[in-house]
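build me a structure from this.
(one chain, ligands or ions: 1)
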Amino acid sequence: MRIALYQPDIPQNTGTILRLGACLGVEIDIIEPAGFSLSDKALKRAGLDYIDHLKMQRHESFAAFDTWRAQAGRRLVLLTTAAQQSYAEAAFRPDDILLLGRESAGVPPEVHARADLRIKVPMRAGLRSLNVAVAAAMVIGEALRQTGQLPAGA
Ligand SMILES: C[S@@+](CC[C@H](N)C(=O)[O-])C[C@H]1O[C@@H](n2cnc3c(N)ncnc32)[C@H](O)[C@@H]1O
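Residues are numbered from 1 along each chain as shown. Predicted coordinates:
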């Protein structure tokens, strides 16, 4: 299981997701261009020293990421408020890649179209979206639970 971030633009959110990945043993993909440098102080402050315990891969574009993913035969699961299906009703696979959109704009239609599965975290009517790191945490928790990949823990 991996988490991929599409052109993230808020370093604190990316730092929080890097920390999440380190703690849960989930590798992170960053699809460039990001709206900040990966040496950004705010990212490091949010990720703390957990970043040293993480496997992270950077991809120079969505096309490069998608070629790599398709060659690896891994499913692309897009988290989007525009999905019909709730994440709670999805059947996850152990090698799924969960893709999260950019904070300011989500993902463009061509990326939306490339996803094998689109899922949402259902919300109360009239509210726009969750913070990207919160959405990531809710869905990766369920995906790891379903596939028996939650860390054994201390
Ligand atoms: C702040 S939201 C993006 C909002 C953006 N204005 C849009 O139209 O997509 C950032 C990302 O968090 C994820 N996200 C936030 N709330 C979600 C929800 N309820 N269900 C699924 N994904 C969600 C999506 O991946 C989204 O692209």
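
below-threshold pLDDT in this structure: ranges please.
Within the chain, the segments meeting pLDDT under 70 span 154.

can you list the residues of it near the ligand?
Within the chain, the residues that sit near the ligand (Cβ under 6 Å from any ligand atom) are 79-81, 100-101, 103, 105-106, 120-121, 123, 129-130, 132, 135. (Each C-beta comes from the backbone N, C-alpha and C, glycine too.)

who wins for most neighbours among these?
Highest neighbour count within the residues of the chain next to the ligand: L79, with 27 neighbours (other Cβ atoms under 10 Å).

and stretch 1-9, how far apart are its ends?
End-to-end distance of stretch 1-9: 23 Å, with Cα to Cα, to the nearest Å as the criterion.

which stretches of this protein form helices?
All helices of the chain, identified by DSSP state H, fall at 11-24, 41-47, 62-72, 109-114, 132-146.

so what secondary structure elements neighbour the longest one?
Counting contacts by 3 or more Cβ pairs under 8 Å, 6 or more residues apart in numbering; DSSP states H and E, the secondary-structure elements packed against helix 132-146 are strand 2-6, helix 11-24, strand 76-79, strand 97-100.

output these in JSON lines; the columns should cover distance to A115.
Formatted as JSON lines, these follow (distance: least, Cβ to Cβ, whole Å):
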{"stretch": "strand 2-6", "distance to A115": "11"}
{"stretch": "helix 11-24", "distance to A115": "19"}
{"stretch": "strand 76-79", "distance to A115": "4"}
{"stretch": "strand 97-100", "distance to A115": "7"}
